[in-house]
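[1] sequence and predicted structure, then a few things I'm wondering about:
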Amino acid sequence: MIHSRRRRAFTLVELLVVIAIIGVLVALLLPAVQAAREAARRSQCQNHLKQWGLASLNYEGSQKALPTSGWGWHWMGDPDQGAGKNQPGSWVYSLLPYIEQAGITTIAKGMTGVDKRKALTQLAETPLTVMNCPSRRQSILYPYFYTSDTYKNIYTPKMAVRGDYAACMSANYDPNVYKLDGLGEPATISVGMTTFRWDREEYAVDKSGQYTIRKFDGAIHFRTPVELNQIPDGTSQTYLIGEKNLDPNNYENGQASYDDQSYWVGHDRDICLSAYLNPIPDTINVDGTFRFGSSHPAGFHMVFCDGSVHSLNYEIDIAVHRALGSCEGGEAVALP
């Protein structure tokens, strides 16, 4: 006798129930997965800052002072100008040999005239992975919208790299009251090394036109190297480099005034910030000029002058924040 077997299949209701259960499980697991990814990105960001901290200390061991932030944004790093006050480029450029990227400092080395200017323009289009937070954006080229060709030693690039880290230049500079502009920048390397009035550039000008405050009391700032013995507040109590704030709308367009230059040019709000203003998380349509902050929801990272990296809360007391931003304020503070 032959018996027929009937194959049992899922009913539509059973299928819908299974799909619903899978959907619930995915909804429950997705936040955990996203949190794990953010934790990994945050750890990588901390590692980037750790590398900059160690590079700065190695630089100090060799040069007997921390790097400067250069001569101003009109100047690109120059491979023939060595280190210290005669280097017009950024602190990023000065630290290249100490993060195993000395090869970049050979770009345009020994060249002169137009050839050197063209070669250094290419430097603006040379990315460095450790200058970007993986939670924010990739280390790639972004549009360059500054069209005025006013640079001293490069041509205006068509694309440029963007950085997510900045040095702490000050704890007393309030951009709402003062402006950075003094006498401008020297027109040539020779003028910058001989006759230019650098002393006037060390002070901020208020709305009345008066030079009223010394705007640089941080660890890395405009042209003048800071020695570790010039940090009486203590290297473990003083900011060195940290994450900068940025409007998410401007992550990739290069249109923010504090994110419109490459990180190879000298002293500028792109790579040097003040601890005078409170840090804030990246927020749509909120201007973060001269503010520390980050795209991490839990807080922002800072590397201190002793090379240690700390994760700080956005609600950090403003007095503590300013005290940590100054090399010689004389404040005794406890890390939050």
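    Sure thing, it's come through. Note that the structure is a prediction, hence the values are computed from the model and not measured.
[2] paired strands for the helix or strand of the chain with the lowest mean pLDDT, with orientation please.
    Between all helices and strands in the chain, the lowest mean by mean pLDDT, DSSP states H and E belongs to strand 211-214, at a mean of 72. Taking DSSP bridges as the criterion, strand 211-214 sits next to strand 203-205 (antiparallel) in its sheet.
[3] ok, then the element right after the least confident helix or strand of the chain?
    strand 239-243 (DSSP states H and E).
[4] CA atoms only for stretch 303-321, dumped as PDB, please.
    Output of stretch 303-321 as PDB, limited to C-alpha atoms (Å, rounded to 0.1, in the frame of the first residue of the first chain):
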ATOM      1  CA  VAL A 303      45.900  65.300  25.200                       C
ATOM      2  CA  PHE A 304      47.800  67.100  28.000                       C
ATOM      3  CA  CYS A 305      51.400  68.300  27.900                       C
ATOM      4  CA  ASP A 306      52.600  65.200  29.700                       C
ATOM      5  CA  GLY A 307      51.300  63.100  26.800                       C
ATOM      6  CA  SER A 308      48.200  61.700  28.700                       C
ATOM      7  CA  VAL A 309      44.800  61.600  27.000                       C
ATOM      8  CA  HIS A 310      41.600  62.400  28.900                       C
ATOM      9  CA  SER A 311      38.000  62.200  28.000                       C
ATOM     10  CA  LEU A 312      36.200  65.300  29.300                       C
ATOM     11  CA  ASN A 313      32.600  66.100  29.800                       C
ATOM     12  CA  TYR A 314      31.000  68.900  27.800                       C
ATOM     13  CA  GLU A 315      29.700  70.300  31.100                       C
ATOM     14  CA  ILE A 316      33.200  70.800  32.500                       C
ATOM     15  CA  ASP A 317      33.300  73.900  34.700                       C
ATOM     16  CA  ILE A 318      34.300  76.900  32.500                       C
ATOM     17  CA  ALA A 319      36.900  78.000  35.200                       C
ATOM     18  CA  VAL A 320      38.500  74.600  35.200                       C
ATOM     19  CA  HIS A 321      38.500  74.500  31.400                       C
END
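[5] buried set for it?
    303, 304, 305, 307, 309, 310, 312, 314, 316, 320, 321 (16 or more other Cβ atoms under 10 Å). (Each C-beta comes from the backbone N, C-alpha and C, glycine too.)
[6] burial of the closest residue to the third one other than its chain neighbours, as a residue count?
    With Cβ to Cβ, 6 or more residues apart in numbering as the criterion, residue 305 has its nearest non-adjacent residue at 3.7 Å, and that residue is residue 235. Taking other Cβ atoms under 10 Å as the criterion, the count of residues near residue 235 is 17.
[7] which residues does residue 235 contact?
    By Cβ atoms under 8 Å, 6 or more residues apart in numbering, the contact set of residue 235 is 228, 304, 305, 306.
[8] could those residues be laid out in JSON lines, adding secondary structure and distance to residue 249?
    Output for those, formatted as JSON lines (DSSP: H, G, I helix; E, B strand; the rest coil; distance: Cβ to Cβ, whole Å):
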{"residue": "228", "secondary structure": "helix", "distance to residue 249": "39"}
{"residue": "304", "secondary structure": "strand", "distance to residue 249": "31"}
{"residue": "305", "secondary structure": "coil", "distance to residue 249": "33"}
{"residue": "306", "secondary structure": "coil", "distance to residue 249": "36"}
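[9] farthest-apart pair in the residues you listed, please.
    By the measure Cβ to Cβ, 228 and 304 form the most distant pair in these, at 12.0 Å.
[10] which one among the contacts of residue 235 gets closest to residue 213?
    Among those, and counting by Cβ to Cβ, the member closest to residue 213 is residue 305, at 22.2 Å.
[11] residue ranges with poor pLDDT in this protein?
    Counting by pLDDT under 70, the chain has low-confidence residues at 1-10, 30, 32-33, 147-149, 180-183, 207, 211, 332, 336.
[12] so residue 243 makes contact with residue 291?
    No. Using Cβ atoms under 8 Å, residue 243 is not in contact with residue 291; the gap is 10.2 Å.
[13] these two - which one has more neighbours?
    residue 243 (29 against 22).
[14] roughly how far does the more buried one sit from residue 117?
    Between residue 243 and residue 117 the computed distance is 33 Å (Cβ to Cβ, to the nearest Å).
[15] now swap in residue 326 and tell me
    Distance, residue 326 to residue 117, by Cβ to Cβ: 38 Å.
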